[in-house]
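**Student:** Need coordinates for the below:
(one chain, ligands or ions: 1)
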Amino acid sequence: MDSEIVLHVDGRRLSVNVDTRTTLLDALRERLGITSVKKGCDHGQCGACTVLLDGRRVVPCLALAVAHDGSSVTTSAGLAQDGSPHPLHAAFVKQDALQCGYCTPGQVCSAAGMLEEHRAGWPSAVSENLLGCPELTLQEIRERMSGNLCRCGSYGNIVAAIASAAEVTAE
Ligand code: FES
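**Tutor:** Presented below is the predicted three-dimensional model:
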């Protein structure tokens with residue numbers, strides 16, 4: 001059964017007819033042609049498709065499109081503002097934080113969502129202090145980004161890029 005849904009993607013209002021079994025990832029990529037969202041494992045394991053859904057990072061391969069009618073989706077491309085790269089984009093370039101680049105849009109979206117979670121005081125599995133805002137150490141960044149895999153193994157530079165965008169210097 002098809003349903004018409006509306007998605008606000010990177011500031012654009014888009015409507016699309018989707019089968020009720022269509023994932024949000026397939027609605028974005030296959031139906032709406034938004035290729036800045038990448039399909040990796042399609043099983044919620046690699047993080048390549050990460051987007052911000054109503055401001056929170058999600059893997060849209062595990063979300064049904066019809067469940068998010070009316071929602072806002074921000075892709076890596078949508079993080080750029082007024083034609084200028086987002087600070088995370090600039091940091092990834094400066095730190096050479098990619099090789100093939102397939103995971104990069106998901107890494108950037110995940111990092112943007114992760115930094116907001118940290119600002120909101122959310123602890124991670126490695127946070128020692130569960131009350132109050134934990135310090136954003138490199139260990140915290142590694143843990144909080146552990147859902148985003150990089151088949152090229154660019155982790156060192158990815159963590160360095162996020163740390164630089166977040167102005168983290170301490171271990
Ligand atoms: Fe190739 Fe991450 S840069 S998978």
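
**Student:** and the gap between the residue nearest to Pro85 when sequence neighbours are not counted and Glu167?
**Tutor:** Closest residue in space to Pro85, ignoring its immediate chain neighbours: Val93 at 7.6 Å, by C-beta to C-beta, 6 or more residues apart in numbering. C-betas here are computed from N, CA, C, even on glycine. Relative to Glu167, Val93 is positioned 17 Å away (C-beta to C-beta, to the nearest Å).

**Student:** that's a helix at the residue nearest to Pro85, yeah?
**Tutor:** Yes - looking at Val93 with DSSP: H, G, I helix; E, B strand; the rest coil, it is inside a helix.

**Student:** more crowded one of Val93 and Glu167?
**Tutor:** Neighbour totals were compared for Val93 and Glu167, and Val93 leads with 13 against 8 (other C-beta atoms under 10 Å).

**Student:** State the distance from that one to the ligand.
**Tutor:** Distance, Val93 to the ligand, by C-beta to the nearest ligand atom, to the nearest Å: 13 Å.

**Student:** cool, and Ala112?
**Tutor:** Taking C-beta to the nearest ligand atom, one finds Ala112 at 17 Å from the ligand.

**Student:** ok, that residue touching Gly78?
**Tutor:** No - in this structure Ala112 lies outside contact range of Gly78 using C-beta atoms under 8 Å: 10.2 Å.
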